[in-house]
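Q: what follows is a predicted protein model with its sequence.
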2 protein chains.
Amino acid sequence: MSKAMPAVHELQESLAGPRAVINGGAPMRLESGAMLGPVTVAYQTWGELNAERSNVVLVCHALTGDQYAVGTHPITGKPGWWESMIGPGKSIDTDRFFVICPNCLGGCMGTTGPAATNPETGEPYGTSFPVITIRDMVQAQAMLLDTLGIDKVMCVIGGSMGAMQVLDWAACFPERVVSAVAIAGAARHSAQNIAFHEVGRQAIMADPDWCNGFYFREGKRPESGLSVARMAAHITYLSEPALWRKFGRALQDRYTKSYGFDADFQVESYLRYQGASFVQRFDANAYLYITRAMDYFDLEADYQGELANAFRGARTRFLLLSFTSDWLFPTSESKEVVRAMNRAAANVSFVEVESDKGHDAFLLDEPDMFATVGGFVDSVAREQEAGR
Amino acid sequence: MSKAMPAVHELQESLAGPRAVINGGAPMRLESGAMLGPVTVAYQTWGELNAERSNVVLVCHALTGDQYAVGTHPITGKPGWWESMIGPGKSIDTDRFFVICPNCLGGCMGTTGPAATNPETGEPYGTSFPVITIRDMVQAQAMLLDTLGIDKVMCVIGGSMGAMQVLDWAACFPERVVSAVAIAGAARHSAQNIAFHEVGRQAIMADPDWCNGFYFREGKRPESGLSVARMAAHITYLSEPALWRKFGRALQDRYTKSYGFDADFQVESYLRYQGASFVQRFDANAYLYITRAMDYFDLEADYQGELANAFRGARTRFLLLSFTSDWLFPTSESKEVVRAMNRAAANVSFVEVESDKGHDAFLLDEPDMFATVGGFVDSVAREQEAGR
């Protein structure tokens, strides 16, 4: 796409799909104490809500995901990010379940975030947007369900940052969550992950076109900085074996080294493409705010240093999945959550899926993941007699 | 240090220590075919050369290292980067050996590189400097030894990029290398490592102050870009356990989250400090050229796809070391080299050192490393009767 296309904040209002003003239009109180509102949440749904409203599957997206889990993405034109998981006859079967995926608070696809218009000023919030947390995202989702008249979810599911939201959902609203599936997640963001996020933020904020977050006023976008941030992050989503298998040291469109700084290696041009395409669909400030929310996530600290307290007394059924080659959210992080759930006498299953695809495996074709999630969701539905 | 301090290229001529014009002042032919010269190599020495000139230890530094392995660094005022390894009575014993450490070709501490003055123009080379390779660095070192009248080295030793040079030394000059110690290295740069380097380069080149590499003309320095590059790279030098032990999720100078984008977490302010201090001592173009040289390194490809051919017939004694928590140059990479040496019937020892300090372990206090290297170097010296 050319640079002449509208900036993400200009696209927001025109994006397809339903949106709801939550909390009756009143401002919501954020975890920081700041008030934000009115808050709009954009979302997508698939399947039909049954008469008992007992077949709801809530899907929480990851850092750079959005509500377009299924169907053609309105900006990129690509298929939804979880089409392999959600659809007729799939693990999350839209013939049986009513699936809803909201764009997270702070996002840039129609939900209130730094790229949305601040009603008080008539221009995008930019960095006047308050810092938000995973809990704020979860509260906004809960208010969306209130608005839609949905009391309980049969299953809340998500990977990566989505898994953080899943865990927080179970902690905040145990009575509203029948089952919860947290894939490739953690109960807190590790020091290394905070470090990688900080590199990305510094890359964005070092870009003169960032303009302290008010780039829209100057008709600019910090594309270089956001692109570097995406490139650095993208490496962490993969694994060395996957990179090696995919690219090795193969050269791009040439037979010998150029002895220059062009993208000699395929892995270089792949990364540059990842950076360049990302900036067309994502808002730089949203990247700052959402990474910050992930860094702040620490469910153990929220429960006085005993993670088990987050899950005590819950009747929620849990499923946790991790991937052997995921070094961003390694199996050890999931196991810590499982151990805490065990201490809380919660009902938890845990599966480590063998995969060499790294963290991104949760978005990819992983038959073990599909079978495990499908079996779990089906058994919950049967227990609840929740299918259509 | 303040921004008012001289740029690295302005400091070059004033740096303490000997320097030599190599190859009799004639240009050297680079691996790319380009001619470069006259080439100056800045170096440091410790200990005394014996009468037989048989007690030389050549130290090859890593990407952001320099010749100041021992003694106060002239810019940072900090101790040398390998004082723990080199000194009287240490593993590389300066009471017995003559230790020489040259600044690598392409570096920015007095050896000819992009920050050096191009005699044809009277201004720094900038990006008119030709792309160099690890082999070019090794050739320049060999020419330095020629200039100094040194025919053989009792030991060539280095970590990380230094280990790449060590392997290339043994491959290019088997008759000049009695023993070779390659620590935390590899025979080729992996796809993941190329990817991380590419992120760093893109961060530098995205900085408007880079000015296509001619920043000195504008009185500018791409400090933001170089700082981001350093931050991203620095994470890869550590390990998640080391980061966790050092910082965890501890907050910096505060008790609660700031709900802002300041460095809330200690790991963030540590990284920012790493970036900010690095730009005071390193030239951005040098970073581009040296990372490129590492990316291009592929000893297997240089020997028709059979790494063993690089070491066939060599009488060099080899020692390879790796660290259990090093994910940048993991043990598997060292083992590949060991297997190739075995196929070549070379004399090789290999030790994997237990450490949770990541790649940087080769610069840190690792008693197993000191004991292994010390014992190896001592036995080589005894065999050669090379100590003073």
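A: Structure received. Residues are numbered from 1 along each chain as shown, chains lettered A, B, ... in the order given.
Q: my read: A:Asn103 touches A:Val39, true?
A: No - in this structure A:Asn103 lies outside contact range of A:Val39 using CB atoms under 8 Å: 11.6 Å. C-beta coordinates here come from the backbone N, C-alpha and C atoms, glycine included.
Q: neighbours of A:Ala301, how many?
A: 14 (other CB atoms under 10 Å in any protein chain shown).
Q: now do the strands in chain A.
A: For chain A, the strands defined by DSSP state E occupy A:19-21, A:28-29, A:35-36, A:40-46, A:56-60, A:86-87, A:92-93, A:98-102, A:155-159, A:179-183, A:317-323, A:347-353.
Q: tell me the average confidence for the third one?
A: This points to strand A:35-36. Here strand A:35-36 scores 98 as its mean pLDDT.
Q: before we move on, what about the first one?
A: Throughout strand A:19-21, pLDDT has a mean value of 96.
Q: chain center to that strand, what's the gap?
A: Centroid separation for strand A:19-21 versus its chain: 19 Å, with CA atoms, centre = their mean, to the nearest Å.
Q: quick one on the thing from earlier: redo the strands of chain A as JSON lines? Include distance to B:Lys78.
A: Below are the strands of chain A laid out as JSON lines (distance: least, CB to CB, whole Å):
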{"stretch": "strand A:19-21", "distance to B:Lys78": "56"}
{"stretch": "strand A:28-29", "distance to B:Lys78": "48"}
{"stretch": "strand A:35-36", "distance to B:Lys78": "46"}
{"stretch": "strand A:40-46", "distance to B:Lys78": "52"}
{"stretch": "strand A:56-60", "distance to B:Lys78": "46"}
{"stretch": "strand A:86-87", "distance to B:Lys78": "55"}
{"stretch": "strand A:92-93", "distance to B:Lys78": "56"}
{"stretch": "strand A:98-102", "distance to B:Lys78": "51"}
{"stretch": "strand A:155-159", "distance to B:Lys78": "43"}
{"stretch": "strand A:179-183", "distance to B:Lys78": "45"}
{"stretch": "strand A:317-323", "distance to B:Lys78": "41"}
{"stretch": "strand A:347-353", "distance to B:Lys78": "44"}
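Q: redo those as CSV? Include mean neighbour count.
A: Formatted as CSV, these follow (neighbours: other CB atoms under 10 Å in any protein chain shown):
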stretch, mean neighbour count
strand A:19-21, 18
strand A:28-29, 16
strand A:35-36, 16
strand A:40-46, 22
strand A:56-60, 28
strand A:86-87, 22
strand A:92-93, 23
strand A:98-102, 26
strand A:155-159, 29
strand A:179-183, 30
strand A:317-323, 25
strand A:347-353, 18
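Q: to B:Glu175, which of those strands lies closest?
A: Nearest of the strands of chain A to B:Glu175, taken as CB to CB: strand A:317-323 at 49.3 Å.
Q: what is the closest one packed up against?
A: In terms of contacts (3 or more CB pairs under 8 Å, 6 or more residues apart in numbering or on different chains; DSSP states H and E), strand A:317-323 is packed against strand A:179-183, helix A:331-343, strand A:347-353, helix A:367-384.
Q: ok, residues contacting the last one?
A: So the one you mean is helix A:367-384. Helix A:367-384 is contacted from outside by A:54-55, A:57, A:84-85, A:90-93, A:96-97, A:154-155, A:157, A:178-179, A:181, A:183, A:317, A:319, A:321, A:349, A:351, A:353-355, A:361-362, A:386-387, using CB atoms under 8 Å, 6 or more residues apart in numbering or on different chains.
Q: angle of it against strand A:347-353?
A: Angle between the axes of helix A:367-384 and strand A:347-353 is 160 degrees (criterion: axes from the mean of the first three to the mean of the last three CA atoms, to 10 degrees).
Q: mind listing what's buried along helix A:367-384?
A: Neighbour counts over helix A:367-384 (16 or more other CB atoms under 10 Å in any protein chain shown) mark A:369, A:372-374, A:376-378, A:380-381, A:384 as buried.
Q: any idea which of the residues you listed is closest to A:Leu148?
A: Of all the buried residues of helix A:367-384, A:Gln384 has the smallest distance to A:Leu148: 18.9 Å, by CB to CB.
Q: that closest one and A:Arg317, how far apart?
A: A:Gln384 sits 10 Å away from A:Arg317, going by CB to CB, to the nearest Å.
Q: need the residues touching each of those two.
A: By CB under 8 Å, 6+ apart, A:Gln384 and A:Arg317 have these common neighbours: A:Val178.
Q: pLDDT at the residue of chain A most remote from its centre, what is it?
A: For chain A, the largest distance from the centre (CA atoms, centre = their mean) belongs to A:Thr256, which lies 40.2 Å off. You'll see A:Thr256 listed with a pLDDT of 83.
Q: same check, this time on A:Cys108
A: At A:Cys108, pLDDT is 96.
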